[in-house]
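Participant: kindly generate the corresponding structure for this input.
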Amino acid sequence: MIPSFVGIDYGSKTSGNTVICYHDGQVIYFYDADKKDADLFIFNWIAGRQSVLNESTSDVGPINTIFLDAPLSLPAVYQARAGFFNYHYRQCDVALKAMSPLFLGGLTARAMELKQRLKEKANVETYEVYPKAIAQRLFPAEYHKKLSIAEMERLCGILTENFPVLRFDKYPQNQHQFDALLAWISGYRFMNQQHSVFGEAQEGLIIV
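Facilitator: Numbering: from 1, shown residues only. Modelled structure (predicted):
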């Protein structure tokens, strides 16, 4: 069986802006969280999908990895690690000009807790990604945070040229779905050893 994975655009807990992007071996699908509890939605979706795939005869295996657009660690200075002095940013944040995990506050704490729960309860590994970084590599002049549906469809065309495995049941309908797709692309690059890594292992890494 081929191991499967998901990309997730991670939003505030009850905003409804969290989206899971999943490729079932045929096409890409998007699953939007409701406005109740995004973390419970992710955990239940992963657990449910694992159960279905465990019983399936498909070539796609159970989900064992997620690629999450959220900080999964704090600056190492808070662990009193030698050689780290920045109280606001990790080295990966500085390299990619990403937001401080401290600025994101509760979202960072939730992401770290979710990672631990998925590992303990579902044997799923979680890696941090940054959709903006992969977008800046693939279409630096065209990506922004208020993409229209027409712009997203055009950018999906560029993605399918670069990643022929991509097939869509339906193109992204909003920015959160598109960013979840970019998180999935970072995961695909990682799974196929095409990725780049930013940061220090002792502190936190971002997969691009």
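
Participant: give me the pLDDT for the residue positioned nearest the centre of the chain.
Facilitator: Residue closest to the mean C-alpha point of the chain, counted by Cα atoms, centre = their mean, is residue 68 at 2.9 Å. On pLDDT, residue 68 comes in at 98.

Participant: what kind of secondary structure is residue 66 in?
Facilitator: Recorded secondary structure, residue 66: strand (DSSP: H, G, I helix; E, B strand; the rest coil).

Participant: now swap in residue 20 and tell me
Facilitator: strand.

Participant: isn't it right up against residue 43?
Facilitator: No - counting by Cβ atoms under 8 Å, residue 43 is not a contact partner of residue 20; they are 11.1 Å apart. C-beta here means a position set from N, CA and C on the backbone, and glycine is covered the same way.

Participant: which one's more surrounded, the two?
Facilitator: Neighbour comparison, residue 20 and residue 43: the larger count goes to residue 20, with 25 against 17 (by other Cβ atoms under 10 Å).

Participant: okay, now the closest residue to the residue nearest to the centre of the chain other than its chain neighbours: neighbour count?
Facilitator: Closest residue to residue 68 apart from its sequence neighbours, by Cβ to Cβ, 6 or more residues apart in numbering: residue 8 at 5.0 Å. Applying other Cβ under 10 Å, we find 31 residues neighbouring residue 8.

Participant: just residue 28 next, same as before
Facilitator: 23.

Participant: and it, what does it touch?
Facilitator: 21-22, 166-169, 181, 184 (Cβ atoms under 8 Å, 6 or more residues apart in numbering).

Participant: same question, residue 158
Facilitator: By Cβ under 8 Å, 6+ apart, the residues touching residue 158 are 138-139.

Participant: show me where the protein has helices.
Facilitator: Along the chain, counting by DSSP state H, helices occupy 38-54, 91-96, 101-104, 106-122, 131-138, 149-162, 175-191.

Participant: isn't residue 85 right up against residue 78?
Facilitator: No - Residue 85 sits out of contact with residue 78 when judged by Cβ under 8 Å, with a separation of 11.4 Å.

Participant: these two: who's more crowded?
Facilitator: residue 78 (13 against 8).

Participant: look at the more buried one and report its pLDDT.
Facilitator: 89.

Participant: going forward, count from 2.
Facilitator: Sure, I'll start numbering at 2, so the last one becomes residue 79.

Participant: how many residues are close by the nearest residue to it once chain neighbours are set aside?
Facilitator: Spatially, and ignoring its direct neighbours in sequence, residue 79 is nearest to residue 88 (7.7 Å; Cβ to Cβ, 6+ apart). Residue 88 has 11 neighbours, counted by other Cβ under 10 Å.

Participant: one more: residue 72?
Facilitator: There are 28 residues near residue 72, going by other Cβ under 10 Å.
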